[in-house]
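>>> sharing a model that was predicted from the sequence below.
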Amino acid sequence: MNYLLCHYSEIGLKGKNRSLFEKRLVSNIKSALPDCFLESVKRPEGRVVAKLTDQAEKGEIEDRLLKVFGLAYFSFAQKTESDLEKIKKEVIRILDDGGFSPQSFRVTTKRSDKSFPLDSPEVSRKIGATIVERFGWNVDLENFDLNISVEITRNGSYIYFKKVKGYGGLPVYSSGKAIMLLSGGIDSPVAGFKMMKRGLGLDYVHFHAYPLLSDDSIKKSEKIFEVLKRYSPESKLLLIPFGEVQKRIKLEIPEKFRIIFYRRVMLEIATKIADSRSASALVTGESLGQVSSQTLLNMRATEQATELPVLRPLVGENKEEIISIAKEIGTYDISILPDQDCCTLFNPRRPETNADLEEVLKLDEELDLEDLKGQAIENKRVLT
């Protein structure tokens, strides 16, 4: 099996723009796999086909491709000519060499080359008859032990036995780029995962209060970033010192509004970073009503601080749903490690839950943080 056959689903609906999504998918596949594994990668007839080298390790390929968004499924395949007798001969050779011994089997054929003289059901019947004659196995189209798949294209035919299901969605960076506000908690990594699945490329911004607090949240964000980066190798993590900003807010803003102003200034800084990194939106892990800062009026009061769209992919999710995804993608065990999040610094005893926007804007007019915001950006640390 020296070929890799990659299929997509949603990309196929993109009409005249489909080739742009296909090219990005090919680019992401190449980025995910070591160069020494690939001899070539092409995209003929609604699929991506990679020819593998002798150095290719299938286990590693499978693990890496499961983190490439846009793939509906992929298979390791053997290529032969689009000639029925040669297809039958190659199927028998593979079955002989592979030591297969199923109780039952079926043959599934897809024929994208409509010039091929037989239709798909007829090809399946003829290959199946050859297998029965050679091995004596039972045919069962419903409860089969082995499915033998054949795809007939203009550039040759592919034989494979297993489909590895991918996440689907769209290739990362096919929908643009955004800045993700990454905390050390459970929610924001899941929000980033969901937006990458929709084709959004992300750079991550983590606000910390070190050295006023411990550097635990920095360490957590770095570990979470390493997990998320597997889905988007081009992403970067920007660590932003935020303690001095918080000290100024503590002095000048009423206690109950502190969290709202922390969030507003985070969005303002993230917007400046987005402008410098050609990003067109901000992403947060907010879920409606989950904590005091995530009520509808409070979210309105915070997002007014930026002109960029604020995407909240978890806004309608409950905690159990979010935790389930966090466990699936491998960030949950990191997120639950104890730390001192910057938002706990000078945490109000009774935070505002239904902020009046006019009151917030009036306070904002009297607050000058331009120097501290500039210093925070200047003192950032960037990880790749």
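Good, I have the coordinates.
>>> and residue 107, how far from residue 114?
In this structure, residue 107 lies at 19 Å from residue 114, with C-beta to C-beta, to the nearest Å as the measure. C-betas here are computed from N, CA, C, even on glycine.
>>> neighbour-wise, which of those two wins?
Set residue 107 next to residue 114 and count neighbours by other C-beta atoms under 10 Å: residue 107 wins out with 25 against 8.
>>> now do the contacts for that one.
Residues near residue 107 by C-beta atoms under 8 Å, 6 or more residues apart in numbering: 123-125, 127-128, 131, 147-150.
>>> confirm that it sits in a helix.
No - the secondary structure assignment for residue 107 gives strand rather than a helix, going by DSSP: H, G, I helix; E, B strand; the rest coil.
>>> quick check: closest non-adjacent residue to it.
Nearest non-adjacent residue to residue 107, counting by C-beta to C-beta, 6 or more residues apart in numbering: residue 124, 4.2 Å away.
>>> what sits up against stretch 287-300?
Stretch 287-300 is contacted from outside by 187, 259-260, 263, 286, 302, 312, 314-319, 322, 351-357, using C-beta under 8 Å, 6+ apart.
>>> just the terminal-to-terminal distance for that stretch.
Start and end residues of stretch 287-300 are separated by 13 Å (C-alpha to C-alpha, to the nearest Å).
>>> so which bits of that stretch are buried?
287, 290, 292-295, 298-299 (16 or more other C-beta atoms under 10 Å).
>>> and what about the residue nearest to residue 107, helix, strand or coil?
helix.
>>> residue 109 is in contact with that one, correct?
Yes - Residue 124 sits in contact with residue 109 when judged by C-beta atoms under 8 Å, with a separation of 4.5 Å.
>>> joint contacts of the two?
Where contact means C-beta under 8 Å, 6+ apart, the residues bridging residue 124 and residue 109 through contact with each are residue 150.
>>> distance check, residue 16 against residue 370.
Taking C-beta to C-beta as the measure, residue 16 and residue 370 are separated by 45 Å.
>>> the more surrounded of the two?
Between residue 16 and residue 370, counting by other C-beta under 10 Å, residue 370 is the more crowded of the two (9 against 6).
>>> from residue 74, how far out is the more buried one?
Between residue 370 and residue 74 the computed distance is 50 Å (C-beta to C-beta).
>>> swap in residue 322?
Applying C-beta to C-beta to residue 322 and residue 74 gives a distance of 28 Å.
>>> can you check residue 2 too?
With distances defined as C-beta to C-beta, the gap from residue 2 to residue 74 amounts to 14 Å.
>>> next: residue 168.
According to C-beta to C-beta, residue 168 stands 12 Å off from residue 74.
>>> which one of these two has more residues nearby?
residue 74 (26 against 15).
>>> three-state assignment of the more buried one?
Three states are possible here, and by three-state DSSP the one that applies to residue 74 is strand.
>>> helix, strand or coil for the residue nearest to it when sequence neighbours are not counted?
Distances taken as C-beta to C-beta, 6+ apart put residue 6 closest to residue 74, at 4.5 Å, once the chain neighbours are dropped. Three states are possible here, and by three-state DSSP the one that applies to residue 6 is strand.
>>> and residue 6, how many neighbours?
If you count neighbours by other C-beta under 10 Å, residue 6 ends up with 23.
>>> these two touch, right, it and residue 48?
Yes - if you go by C-beta under 8 Å, residue 6 and residue 48 touch, sitting 4.0 Å apart.
>>> so what sits against both of these two?
Overlap between the contact sets of residue 6 and residue 48, as judged by C-beta under 8 Å, 6+ apart, is given by 25, 29.
>>> rewinding a little: now the buried residues of stretch 287-300 as a markdown table including secondary structure?
A markdown table is the format used below for those (three-state DSSP):
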| residue | secondary structure |
| --- | --- |
| 287 | coil |
| 290 | coil |
| 292 | helix |
| 293 | helix |
| 294 | helix |
| 295 | coil |
| 298 | helix |
| 299 | helix |
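>>> between the residues you listed, which is closest to residue 61?
When those are compared for distance to residue 61 (C-beta to C-beta), residue 287 wins out at 35.5 Å.
>>> hey, where'd the helices end up in the protein?
Across the chain, reading from the start of the chain, the helices by DSSP state H fall at 18-32, 58-65, 84-98, 120-135, 187-197, 216-229, 243-252, 258-276, 296-303, 319-329, 332-335, 357-365, 370-378.
>>> break this protein into its domains for me.
As given by automatic domain parsing, the domain ranges for the chain are 3-165, 177-383.
>>> related to what we said a few turns ago, of the contacts of stretch 287-300, grab the buried ones for PyMOL.
Here is the PyMOL command that selects only those of the contacts of stretch 287-300 that count as buried (16+ other C-beta under 10 Å):
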select buried, resi 187+259+260+263+286+302+312+314+315+317+322+351+352+353+355
